[in-house]
Structures are given as C-alpha cells and as structure tokens.
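Asks: Sequence and predicted model, in that order:
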Amino acid sequence: MSQIVRCAKEVFRQEAAALERLSEQIGAEYEQAVQLILSTQGKVIVSGMGKAGHIGKKAAASLASTGTPAFFVHPAEALHGDAGMVTAQDLVMAISNSGETAELLSFLAIVQDIGAPIIAITGGLQSRLSKMADVTLAAQVEREADPLNLAPTTSAVAQLAVADALVVCVMAERGFTTQDFRRYHPGGALGKRLA
C-alpha cells in the first residue's frame with residue numbers, strides 16, 4: 001500500500017470516528033433545535049466565517065431545497081448593513097469551530113438586539129457563541145485529519161454532519177414528500193429523475 005493510500009485511509013478513519021463519537025452525544029438539544037426551526041415564522045439565516053461559512057452556505061441551501069426558507073449571511077457583510085436582513089421572526093444558525101469568531105459574535109450581538117433566536121453549531125461548548133445561543137449543538141472533534149492538526153478538516157465534516165442531521169430531522173417532522181422536493185428541485189439529474 002502506498003503512502004498516499006495509507007494517508008487517505010487514515011483521513012477517512014479519523015473523520016468517521018469523530019462522527020461516531022458525536023452521534024453518541026446527541027440528546028434533547030436536537031429536539032429543541034428542530035422545534036425552533038419548525039416554529040420559525042420567518043426564515044432561517046445561516047452564518048459562519050471561513051470554512052464554517054462554506055458549511056453554512058451548504059446548510060442554507062439544503063434547508064431551502066427541503067422546504068425551510070433559508071439563506072446565508074456572511075458575518076463580515078452583516079456588520080456593514082446586511083444585518084438588516086434579520087427580523088425578530090427569523091432564526092439564526094451560527095457555525096464556528098472555536099465559538100470565538102469575532103465577526104460572527106459581533107453579528108450575533110445585533111441578532112440578540114433584534115430578538116431572533118440563535119442555534120449554535122460549535123466545537124467550543126464553553127465559548128461566547130455557545131453562551132449567546134438559545135440551543136447549542138456540539139461539533140467537537142479531538143483533532144483535525146491533517147498531520148499538522150490545523151486545517152479545518154474533521155471539524156468541517158462534523159459541522160456538516162450536524163447541519164445535515166437538522167435538515168433531515170426537520171424534513172421528517174414536516175412530512176416533506178418527493179412531490180415537495182420536485183417542486184423546489186426541478187433541475188439537473190435529480191430533477192429529471194423526479195419528473
């Protein structure tokens with residue numbers, strides 16, 4: 001087996017093990033988060049900086065395509081006027097590995113002033129983000145998959161899995177059907193399959 005193949009297998013092993021550990025920690029906080037989403041009268045606004053922001057864009061897209069109106073707001077742009085997109089009827093889902101991202105925390109201070117509830121997805125369970133949130137979902141990992149333990153790899157996979165779990169549970173609670181999915185997703189190979 002080559003060094004590259006061994007490296008790739010180790011990344012898969014580490015990330016799968018991290019997800020398994022997270023799955024064992026799931027509790028009532030998921031019920032609370034799903035109920036918050038279901039009871040939201042406005043939209044779900046997802047925010048995160050850096051790699052967490054990329055995960056947030058995917059989470060917003062997945063929510064929107066499965067019947068939950070959602071969009072992504074970049075926290076730095078929010079501090080330059082985009083915070084005006086948030087109303088008290090909305091819900092904000094904030095994603096940060098550390099839970100100490102300055103731009104995100106500044107945005108969330110505005111969100112709190114507006115009165116919208118906050119769901120946090122973070123590895124920093126004692127972080128300022130966690131303390132600001134109405135519900136915190138753990139995305140803690142023991143280490144990143146890269147040899148330096150620096151690049152957001154395992155932590156990004158954990159954030160994505162937590163967000164996907166929320167999306168799927170909300171779909172199930174809504175009774176979202178194939179016909180509903182076809183309405184929002186008519187394009188591409190998936191849209192053709194559902195036509």
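Replies: Sure, I can see it.
Asks: ok, which stretches of the chain are strands?
Replies: Assigned by DSSP state E, the strands in the chain fall at 44-48, 70-72, 91-96, 118-122, 135-138.
Asks: Redo those strands as JSON lines? Include mean pLDDT.
Replies: Listed next are the strands of the chain as JSON lines, based on pLDDT from 0 to 100:
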{"stretch": "strand 44-48", "mean pLDDT": "98"}
{"stretch": "strand 70-72", "mean pLDDT": "98"}
{"stretch": "strand 91-96", "mean pLDDT": "98"}
{"stretch": "strand 118-122", "mean pLDDT": "98"}
{"stretch": "strand 135-138", "mean pLDDT": "98"}
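Asks: Figure out which of those strands is closest to residue 194.
Replies: Taking C-beta to C-beta, strand 70-72 is the member of the strands of the chain nearest to residue 194, at 20.8 Å. No exception for glycine: its C-beta is placed from N, CA and C like everyone else's.
Asks: Direction included, what does the closest one pair up with?
Replies: Sheet pairing for strand 70-72, assigned by DSSP bridges, gives strand 44-48 (parallel).
Asks: which outside residues touch the strand it pairs with?
Replies: Strand 44-48 has contacts (C-beta atoms under 8 Å, 6 or more residues apart in numbering) with 37, 53-57, 59-60, 63, 68-75, 78, 85-86, 90-96, 101, 104, 107, 116, 159.
Asks: Give me the neighbour count for residue 170.
Replies: The tally of other residues near residue 170 (other C-beta atoms under 10 Å) stands at 21.
Asks: That one contacts residue 66, correct?
Replies: Yes - Residue 170 is in contact with residue 66 according to C-beta atoms under 8 Å; the separation is 7.2 Å.
Asks: distance between the worst-scoring helix or strand of the chain on mean pLDDT and the chain's centre?
Replies: Within the chain, no helix or strand scores below helix 188-194, which has a mean of 75 by mean pLDDT, DSSP states H and E. Put simply, helix 188-194 sits 25 Å off its chain's centre (C-alpha atoms, centre = their mean, to the nearest Å).
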